[in-house]
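Undergrad: Predicted coordinates and the sequence they were generated for:
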Amino acid sequence: MAYDYEKSIRPGKLPHIWCPGCGHGIVMKGLIRAMDTCGLEKNNTAIVSGIGCASRLPGYMDFNTLHTAHGRAAAFATGIKMVKPEMTVICCGGDGDGTAIGGNHFIHACRRNIDMTYVIMNNYIYGMTGGQFSPCTPTGMKASTTPYGNPDPIFDISKLAIGAGATFVARTTSFHATQIDKLIAEGIKHKGMSVIEVLDDCPTSYGRRNKFRSVVDMMKRLKEVAVPVAAAAKMTDEQLEGKVLTGVLFKEERAEYTDQYAKLIARVQGA
Amino acid sequence: MSAKAEIEIIEEYCKGCSICVEFCPTKVLEMDAFVVKVANADACIACNQCELRCPDFAIKVHKL
Amino acid sequence: MAKKVALLQGNSACALGAIYAGCKFFGGYPITPSTEVAEVMSEELPKVGGKFIQMEDEIGAMASVIGASLAGSKSLTATSGPGVSLKQELIGYACIAEVPCVIINVMRGGPSTGMPTGPGQSDVMQARWGTHGDHAAIAVCPESCQEIFTETVRAFNLAEKYRMPVQVLYDEIVGHMRERIVFPEPGELEIIDRAAPTCSPEEYKPYDAKSDTDVPPLAVFGSEYRFHVTGLNKAADGFPTTKANLVAFEERRQIAKVECPEARADIESNEEYLTEDAEVVIFAYGSSARSARYAVNKMRAEGIKAGLFRPITIWPFPEKRVAELGKQVNSMVVVEMNLGQMIFEVERIVKNDCKLAGVFRVDGDPINPGEIMAKVKEVL
């Protein structure tokens, strides 16, 4: 039998709103497989998003789902997790949502090492508003608000997460479909803040402006630029120019936030 | 050669992106007026790449 | 047994009122003159198994409060005007998604940073209109430390009952003033918890209103009732819609649930002092009402038939009673620590039924009884 995605999707919600070729659907399938692998119970799981194309994902999922305001997913999710530490909390959203308007919430969730899994779909553009540049649009590339090429340098989301204190950080691409669920599953199992950055493609708002003939061209590029961390270790800086590291980029065990708060309560109540 | 899997296309979900067609290693699939169709069923090796990469939940690979 | 009594600052009374109401979550960000609410909550919540978090910013604090409430906890945040300016985004979210929560605004002057350690009452219109889009508002405005305690309890009750954000506004004077507080016994004040769904999980729709003023029950994340929440206009099932009739129904219901006559009667709370035979009524709220009461007593001693009308619930505005008073009195004097905000509401209601004047002050000093008496004598 083929994989049964429908068991995790709310009846009647497909087809989804994403454009032809949009990578978010591939990521959503990976997320479903990962949640399945981890045996997550629907009632005990919350999926929280911000605003944007990627943030429409929770609406399709048959779990407790919260489509918040632009950039605020991690902060709403923090409230849920504090009150119900026994729940599995998953955040998802795009690059602009998570690292521009929501950048502060994102880095502080990483700092606290609160037990959540944040799947960030990085398609280097604000898709829903029609293709404005985001903090992840590569320098020089075209967006509707960078008609002469993007003058801004980018955020490396995974490095940002590591620097801010996330204790599991991994990256893959929508081309590497089976790696998506493996990394998300590892993130869900990890106790602490997990960030999984998935590079995916927006053929409508990014591809068209940047001379990609089709989403297939965009996915072939993802295949070319991705270098697994183990392979990268044997490569020179010159060879790594323009490449993107994939796989588990960082992992460490550190005290988790809600655990620490539970200990604080026990200490106060015992005193 | 005989097919290793039966490919089910859910036409109303397919948005015609052609990712499945391009990444199929044995050229089983083809575009037909913006919707994918199975053109060469016998060549399917059940690798599941089309199902995994279909962003629209439009392909199901039933292994035989 | 004698009741427990303490000498407490208004901000402490607020925090202890929240604990009495059953609050189990506080998400905040430091800001003068409200910070003591957060400080006391950080100390008291763990004692009752509750959770305190200091978030990275005001918006994050409001977000955590809404998330915590959806997870089933009565939730509180405390801030001042500049913080409410930032929280407005998510106050609107709590309105449209109908998530109960309480926001304390210890008012200082403004706009912008203004005078952080001085009192003000210039956020009363912010409390009514402060977020984009049409929405209802409930706000209460206590005048003393004891009343901060009881009004914080009532704010939680109203938030839970009407499934929406409720603001408690008091100014820096009451927030930092110390007064004797008599603690109510457990069970002495009514405590309202949100209505839980009684239908089966399969049938549950988070916005399934039975009438155009209904407040549907709210399930809890983590229970067997799975549901979707969004800030988009949505249908009864919680999923986005752009269907005109559904959007209009929901928008109107979310206002009517607060502004229908039954709800107004339930939410409204006023103090009237010597208004029965009054020829001049002073309309004052919060700490300004304390000066006004003193002025009324002085004027009565002089033979002037003065009275005090003090709305404790400022939103929804006490339209019916203010209209009646407007017809009864010769003049009304609105006293507020701003340059005239609630006076517009009073004017909207009394129209030309009586003379209207205002006593306004924004220099960081409280309004004194002498100023009020001078104005009354001028207009009478």
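TA: Received, thanks. Residues are numbered from 1 along each chain as shown, chains lettered A, B, ... in the order given.
Undergrad: The most centrally placed residue in chain C sits in which helix or strand?
TA: In chain C, the C-alpha closest to the average C-alpha coordinate belongs to C:A139, at a distance of 2.3 Å (CA atoms, centre = their mean). Assigned by DSSP states H and E, C:A139 falls within strand C:138-140.
Undergrad: would you list every one of the strands in the stretch 151-300 of chain C?
TA: C:165-171, C:178-182, C:228-230, C:270-273, C:280-284 (DSSP state E, counting those that start in this stretch).
Undergrad: Dump stretch C:50-68 to PDB, keeping only the CA atoms.
TA: What follows is stretch C:50-68, C-alpha atoms only, in PDB (Å, rounded to 0.1, in the frame of the first residue of the first chain):
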ATOM      1  CA  GLY C  50       1.300  28.100  38.000                       C
ATOM      2  CA  LYS C  51       3.800  29.200  35.400                       C
ATOM      3  CA  PHE C  52       5.500  32.600  35.100                       C
ATOM      4  CA  ILE C  53       7.600  33.600  32.100                       C
ATOM      5  CA  GLN C  54       9.300  36.800  31.300                       C
ATOM      6  CA  MET C  55       9.100  37.000  27.500                       C
ATOM      7  CA  GLU C  56      11.500  38.700  25.100                       C
ATOM      8  CA  ASP C  57       9.100  41.500  24.300                       C
ATOM      9  CA  GLU C  58       5.600  42.800  24.900                       C
ATOM     10  CA  ILE C  59       4.200  41.100  21.800                       C
ATOM     11  CA  GLY C  60       5.800  37.800  22.800                       C
ATOM     12  CA  ALA C  61       4.300  38.200  26.200                       C
ATOM     13  CA  MET C  62       0.800  38.700  24.800                       C
ATOM     14  CA  ALA C  63       1.300  35.700  22.400                       C
ATOM     15  CA  SER C  64       2.400  33.500  25.300                       C
ATOM     16  CA  VAL C  65      -0.700  34.500  27.200                       C
ATOM     17  CA  ILE C  66      -3.000  33.500  24.300                       C
ATOM     18  CA  GLY C  67      -1.200  30.200  23.800                       C
ATOM     19  CA  ALA C  68      -1.400  29.500  27.500                       C
END
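Undergrad: Please state the offset of it from the chain centre?
TA: Mean C-alpha position of stretch C:50-68 versus that of the full chain (CA atoms, centre = their mean, to the nearest Å) differs by 19 Å.
Undergrad: Same check on stretch C:346-362?
TA: Counting by CA atoms, centre = their mean, stretch C:346-362 comes out at 22 Å from the chain centroid.
Undergrad: Stretch A:90-103 now?
TA: A distance of 8 Å separates the centroid of the chain from that of stretch A:90-103, by CA atoms, centre = their mean.
Undergrad: do stretch A:196-204 as well
TA: 10 Å.
Undergrad: repeat for stretch C:183-193
TA: 19 Å.
Undergrad: can you tell me the distance between the two ends of it?
TA: One end of stretch C:183-193 sits 21 Å from the other (CA to CA, to the nearest Å).
Undergrad: cool, and stretch A:150-166?
TA: Note: stretch A:150-166 ends 29 Å apart using CA to CA.
Undergrad: For it, which residues meet the burial criterion?
TA: Of all the residues in stretch A:150-166, those buried under the rule 16 or more other CB atoms under 10 Å in any protein chain shown are A:N150, A:I154, A:F155, A:D156, A:I157, A:S158, A:L160, A:A161, A:I162, A:A164, A:G165, A:A166. Yep, even glycine has a C-beta here, placed from its N, CA and C like the rest.
Undergrad: any chance you could map the strands in chain B?
TA: With DSSP state E, the ranges of strands along chain B come out as B:5-9, B:29-32, B:35-38, B:59-63.
Undergrad: can I get those in JSON lines with mean neighbour count, distance to C:G370 and mean pLDDT?
TA: Putting these into JSON lines (neighbours: other CB atoms under 10 Å in any protein chain shown; distance: least, CB to CB, whole Å; pLDDT from 0 to 100) gives the following:
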{"stretch": "strand B:5-9", "mean neighbour count": "18", "distance to C:G370": "85", "mean pLDDT": "96"}
{"stretch": "strand B:29-32", "mean neighbour count": "17", "distance to C:G370": "86", "mean pLDDT": "96"}
{"stretch": "strand B:35-38", "mean neighbour count": "18", "distance to C:G370": "83", "mean pLDDT": "97"}
{"stretch": "strand B:59-63", "mean neighbour count": "18", "distance to C:G370": "82", "mean pLDDT": "97"}
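Undergrad: for the residue of chain B found nearest chain C, what are its contacts?
TA: Closest approach between chain B and chain C, counting by CB to the nearest CB: B:F57, at 18.1 Å. Neighbour list for B:F57: A:Y5, A:I9, A:L14, A:P15, A:H16, A:G25, A:K29, B:I10, B:Y13 [criterion: CB atoms under 8 Å, 6 or more residues apart in numbering or on different chains].
Undergrad: and those residues, which of them are in helices?
TA: A:G25, A:K29 (DSSP state H).
Undergrad: Can you name the residues that contact residue 181?
TA: I went with chain A, as the question did not name one. Contacts of A:D181 by CB under 8 Å, 6+ apart are A:G30, A:L31, A:R33, A:A34, A:T37.
Undergrad: Not quite, go with chain C.
TA: Contacts for C:I181 (CB under 8 Å, 6+ apart) come out as C:V5, C:A6, C:L7, C:L8, C:A13, C:L16, C:C145, C:Q146, C:F149.
Undergrad: Could you report the separation of it from C:T35?
TA: Distance, C:I181 to C:T35, by CB to CB, to the nearest Å: 19 Å.
Undergrad: and the residue of chain A nearest chain C?
TA: For chain A, CB to the nearest CB, closest residue to chain C: A:G79, 2.7 Å.
Undergrad: on that earlier part again, please name the bridge partners of the residue nearest to the centre of chain C.
TA: Residues in a beta bridge with C:A139, per DSSP bridges, are C:Q167, C:W315.
Undergrad: Leaving out the residues flanking it, which one is nearest to A:N43?
TA: Nearest residue to A:N43 in three dimensions, chain neighbours excluded: C:E224, at 5.5 Å (CB to CB, 6 or more residues apart in numbering or on different chains).
Undergrad: which ones are touching residue 207?
TA: Let's take chain A. By CB under 8 Å, 6+ apart, the residues touching A:G207 are A:G21, A:D201, A:S214, A:V215, A:D217, A:M218.
Undergrad: that answer is for a different chain, and I need it for chain C
TA: C:Y207 makes contact with C:E98, C:P216, C:K234, C:A235, C:A236, C:D237, C:G238, C:E250, according to CB under 8 Å, 6+ apart.
Undergrad: go with 10 Å
TA: By CB atoms under 10 Å, 6 or more residues apart in numbering or on different chains, the residues touching C:Y207 are C:96-98, C:163, C:214, C:216, C:218, C:227, C:229, C:234-239, C:246, C:249-250, C:253-254.
Undergrad: Which parts of the stretch 51-200 of chain A are strands?
TA: Using DSSP E, counting those that start in this stretch, strands in the stretch 51-200 of chain A cover A:64-67, A:88-94, A:116-122, A:168-173, A:193-199.
Undergrad: what would those look like in a markdown table with distance to chain B?
TA: Compiled in a markdown table, the strands of the stretch 51-200 of chain A are given as follows (distance: least, CB to the nearest CB, whole Å):
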| stretch | distance to chain B |
| --- | --- |
| strand A:64-67 | 17 |
| strand A:88-94 | 15 |
| strand A:116-122 | 12 |
| strand A:168-173 | 11 |
| strand A:193-199 | 12 |
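Undergrad: Next one, pLDDT for the residue of chain B closest to chain C please.
TA: Here, the pLDDT recorded for B:F57 equals 98.
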